[in-house]
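A.B. asks: give me a model of this one.
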Amino acid sequence: MAKIISADDDLEISELIKITLENEGHTVSSFNNGLDAYQSAIKEIPDLIILDVMMPKMNGYEVVEKLKETPATRLVPVIMLTSQSQTKDKITGLKLGADDYLTKPFDPYELAARVEGILNRYHETRAVNPLTGLPGNVSIEKEITKRISAGVQFAVLWIDLDNFKSFNDNYGFEKGDIILKETANFIIDAVKNHGTVLDMIGHLGGDDFIVVTNCECAENICMHIIKLFDENISAYYSDEDRARGYIISKDRLGKVQAFPLMSVSIGIVTNEIRNFNHYAQLAELAAEVKAVAKEIPKSSYFKDRRKA
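C.D. replies: Below you'll find the predicted structure:
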């Protein structure tokens with residue numbers, strides 16, 4: 001069954017969670033503060049995290065924010081618990097990336113049912129992405145782990161869309177899904193033309209994609225993806241937005257501002273000059289390298305060439 005981390009400074013609630021979920025066959029590690037829960041999560045990646053909002057050392061909101069910033073835990077589902085029933089508190093947690101919310105006191109049976117539902121969706125999504133049909137997180141992790149264990153040289157491309165959220169907010173989820181499917185097609189075409197039959201294309205979720213390929217193929221694949229994306233993406237905007245080169249939308253804080261048309265950023269990580277011991281180590285570096293590419297104000301790729 002699932003490996004679950006629970007954090008609540010109320011010992012009675014903490015014990016209730018542990019007993020309820022262990023009776024369902026899960027393994028539960030309990031903590032009385034957010035910092036210890038976060039540190040445990042990044043060391044032993046769980047299947048689910050349950051967080052109280054008000055905790056010492058690091059509150060639940062801060063833990064969620066840190067988890068979503070950490071590549072190895074960014075897709076782990078989170079349920080938040082709180083005695084605060086105001087809508088604004090729930091919205092805060094959900095905007096930070098929480099998957100569900102329970103207000104204390106809660107029914108143990110409801111907790112068990114929600115945990116089961118979230119875990120089922122999580123494992124389904126991790127195996128195959130339902131939107132693009134590409135391999136999901138479980139398959140990606142297995143492929144990279146296999147290559148690390150085999151000691152072969154390989155490259156990982158982390159592909160991310162810039163300004164996708166503003167497009168999604170303005171044009172709607174249906175058109176946003178079309179963009180994601182088209183991006184998947186661009187990547188497939190690039191790998192078909194410049195990769196090998198052993199390459200893997202995966203969809204991490206949202207607007208994040210992965211390609212696992214040979215080191216010598218990586219940059220040509222990146223250039224092909226960028227070419228296709230830049231040649232086609234403007235067609236999905238209105239004439240007005242396309243003519244002025246930006247759209248007006250709200251940022252994550254609700255502030256209205258201008259956002260450029262979408263571009264694509266790609267980070268390349270290889271084991272040519274550095275060794276990786278496990279998937280989480282590579283994923284963390286890939287996210288760092290992708291962040292460098294995103295600082296460039298146009299579609300671009302950036303390859304890590306540093307020694308360990």
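A.B. asks: name the residues of the helix or strand hosting F167 that are buried.
C.D. replies: Per DSSP states H and E, F167 falls inside helix 164-171. In terms of neighbour count (16 or more other CB atoms under 10 Å), helix 164-171 has its buried residues at 164-168, 170-171. Placement of C-beta: from N, CA and C, glycine included.
A.B. asks: quick check, nearest of those residues to N185?
C.D. replies: F164 (15.9 Å; CB to CB).
A.B. asks: what's the mean pLDDT across the helix holding F167?
C.D. replies: Taken as a whole, helix 164-171 has a mean pLDDT of 91.
A.B. asks: can you name every helix or strand that it contacts?
C.D. replies: Under the contact definition 3 or more CB pairs under 8 Å, 6 or more residues apart in numbering; DSSP states H and E, helix 164-171 sits against helix 173-194, strand 246-250.
A.B. asks: and these as a markdown table, adding mean neighbour count and distance to G151?
C.D. replies: Below are the helices and strands packed on helix 164-171 laid out as a markdown table (neighbours: other CB atoms under 10 Å; distance: least, CB to CB, whole Å):
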| stretch | mean neighbour count | distance to G151 |
| --- | --- | --- |
| helix 173-194 | 17 | 23 |
| strand 246-250 | 16 | 47 |
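A.B. asks: residues touching I140, list them.
C.D. replies: 200, 202, 204, 210, 212 (CB atoms under 8 Å, 6 or more residues apart in numbering).
A.B. asks: including distance to S40, could the helices and strands packed on helix 164-171 go into TSV?
C.D. replies: As requested, these are arranged in TSV below (distance: least, CB to CB, whole Å):
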stretch	distance to S40
helix 173-194	33
strand 246-250	35
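A.B. asks: out of these, which gets nearest to E65?
C.D. replies: When the helices and strands packed on helix 164-171 are compared (using CB to CB), the closest one is strand 246-250, at 19.3 Å.
A.B. asks: follow-up on the earlier one: tell me which residues are up against the helix holding F167.
C.D. replies: 175-176, 179, 206-207, 236-237, 247-252, 259, 262.
A.B. asks: ok, and the most crowded of the contacts of I140?
C.D. replies: Using other CB atoms under 10 Å as the neighbour test, those are led by G202, with 27 neighbours.
A.B. asks: ok, it touching G136?
C.D. replies: Yes. If you go by CB atoms under 8 Å, G202 and G136 touch, sitting 6.8 Å apart.
A.B. asks: spit out the residues that contact these two alike.
C.D. replies: N129.
A.B. asks: many thanks, have a good one.
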